[in-house]
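>>> Just to be clear, the model below is a prediction. Sequence and coordinates:
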Amino acid sequence: MTWLESAVDSPYGIHHLPYGVFSTTDNPARRLGVRVGDQVLDLKLVVTSGTCANCETCTALSSSTLNDFMALGPEVWSKVRTQLQDALTDETLAEPMSRMLTPVADVTTHLPFTPADYVDFYSSEHHATNLGRLFRPDGDALMPNWKHLPVGYHGRSGSLVPSGTDIVRPQGQRRTPDGEIVFGASARLDIEAEVGFVVGVGSQLGTRVATGDFTDHVFGVTLVNDWSARDIQNWEYQPLGPFLGKSFATSIATWVTPLDALAASRVPAPEQDPAVLPYLVEPDRYAYDLTLSVEWNGTKVSSPPFAGVYWTPAQQLAHMTVNGASLRTGDFFASGTVSGPEKDQRGSFLELSWSGAEPVKLDDGSTRDFLEDGDTVTISATAPGPRGTTIGLGEVTGTIRPAN
Ligand SMILES: O=C(O)/C=C/C(=O)CC(=O)CC(=O)O
Ligand SMILES: [Ca+2]
Ligand SMILES: [Mg+2]
């Protein structure tokens, strides 16, 4: 058991230990931290208090971004995680280590890693079916390729922002219902509740990553809100996919949950029919049992279940490298909007309000279809941890500011 009282029975207990980058008013330098209970453990102080003379791992842990540590690979990740768990349960270290803790309420968190490329998939069958109905009511809801490959698009990694960043309402072109082409602030600003995966270990250009090698490359998981301007998107997207309707900002949670922490949350992934091509077959097909929660101005409006998503992150990784495209440390790929079969499991407001036909009621008595200026959306998630514990993923939140 840990000596840190706030970590006992906490969704941020020693079974979790997510990594982030933080600073404080006293010390504005960005440094790596591990969240434990209601505290942040300063990894730079941990390293400097030890006797190690700049080994690769200690140098990486003294960095201002997770990239160097993520590049070291799964053996190092596991070793450091075990060492942290040992230290946090060693009573003799309680006193010296307490001096390396800062309350989470007193820190500012930043983007935890320097993003390389960013890819967003479209892997929830319920979401893709709903969007197909709403965007293309005259065609089949699912495109003919959808069950054969994880559909995705390249996003704009420079517009990934940390949780808490205000989101300025985007402006752009759209077509009015009368067919007029106009320019202005988006009137259909939406969210997408997603789960993101951070690549630690890269790969060589010209080679591919097998589904079974997922855990050799992926460091951890973080929640995503892929803000989407539906009016801009609906006019621009054919035939090359989303562009300016999504690239104005994508928010990510600032705590990265290591994959090791989610070992107990593995559950069988949905069966796939038709059978997939051999490069998408998984030696051990599993999903992660994360239940997301979407709050709109404090009202919980949805609980999207990630375990039901049709394409797994291992398949997404294999697909995005099957042509020989290389991976780099800091690459980030998101699941796509997570929507379940039930109405209160939909991961976007476009679906929840059925394009405005069924407004969503908030606890303050107001109703909404799309986002208004001043609205705040917070996405959080829980997962089962080992031995009956719970893991709480770091939340991703953002508030809408008026168009410039
Ligand atoms: O069906 C479409 O044309 C568009 C779909 C999306 O907007 C979804 C997207 O960004 C991918 C996802 O989040 O699932
Ligand atoms: Ca998306
Ligand atoms: Mg976006």
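Perfect, thanks for sending it. Ligands and ions are numbered 1, 2, ... in the order given.

>>> ok, and the closest non-adjacent residue to the residue of the chain found nearest ligand 2?
Nearest residue of the chain to ligand 2: residue 226, at 3.6 Å (C-beta to the ion). No exception for glycine: its C-beta is placed from N, CA and C like everyone else's. Taking C-beta to C-beta, 6 or more residues apart in numbering as the measure, residue 226 lies nearest to residue 192, with 3.9 Å between them; neighbours along the chain are not counted.

>>> Wait, the residue of the chain closest to ligand 2 touches residue 247, no?
No. Using C-beta atoms under 8 Å, residue 226 is not in contact with residue 247, being 10.1 Å away.

>>> more crowded one of the two?
When neighbours are counted by other C-beta atoms under 10 Å, residue 226 and residue 247 differ, and residue 226 comes out ahead with 25 against 18.

>>> re earlier: between residue 226 and residue 247, what contacts are shared?
residue 155 (C-beta atoms under 8 Å, 6 or more residues apart in numbering).

>>> What separation do you get for the residue in the stretch 151-300 of the chain that ligand 1 sits nearest to and residue 97?
Relative to ligand 1, the nearest point of the stretch 151-300 of the chain is residue 192 (4.6 Å; C-beta to the nearest ligand atom). With the distance defined as C-beta to C-beta, to the nearest Å, residue 192 ends up 39 Å from residue 97.

>>> re the thing from before, what's the residue of the stretch 151-300 of the chain closest to ligand 1 in contact with, if anything?
Here residue 192 is in contact with 224-228, 336-337, 347-348 (C-beta under 8 Å, 6+ apart).

>>> for residue 193, same thing?
When the contact criterion is C-beta under 8 Å, 6+ apart, the partners of residue 193 are 223-225, 292, 294, 302, 304, 337-338, 347-348, 379.

>>> still on that earlier bit, closest one to residue 198 out of the contacts of residue 192, please.
Taking C-beta to C-beta as the measure, residue 198 lies nearest residue 224 of the contacts of residue 192, at 10.8 Å.

>>> what's around that closest one, how many residues?
Counted with other C-beta under 10 Å, residues neighbouring residue 224 total 30.

>>> And residue 110, by the same measure?
For residue 110, the tally of surrounding residues (other C-beta under 10 Å) stands at 18.

>>> returning to what we had before: for the residue nearest to residue 226, report the pLDDT, please.
The score at residue 192 is 98. That number is its pLDDT.

>>> how is the chain carved up into domains?
Domains of the chain are assigned by automatic domain parsing as 5-109, 118-401.

>>> Ranking these by mean neighbour count, which comes first?
Per residue and on average, the most neighbours among these fall to domain 118-401, with a mean of 19 (mean count of other C-beta atoms under 10 Å).

>>> Return the residues of the protein in contact with ligand 1.
Residues of the chain found near ligand 1, taking C-beta under 6 Å from any ligand atom as the criterion, are 120, 122, 127, 131-132, 135, 192, 194, 226, 228, 237, 242, 336-337.

>>> Is residue 300 in contact with residue 294, as I believe?
Yes. A contact is recorded between residue 300 and residue 294 when judged using C-beta under 8 Å, the distance being 7.1 Å.

>>> For residue 246, identify the helix or strand it belongs to.
In this assignment (DSSP states H and E), residue 246 forms part of neither any helix nor any strand.
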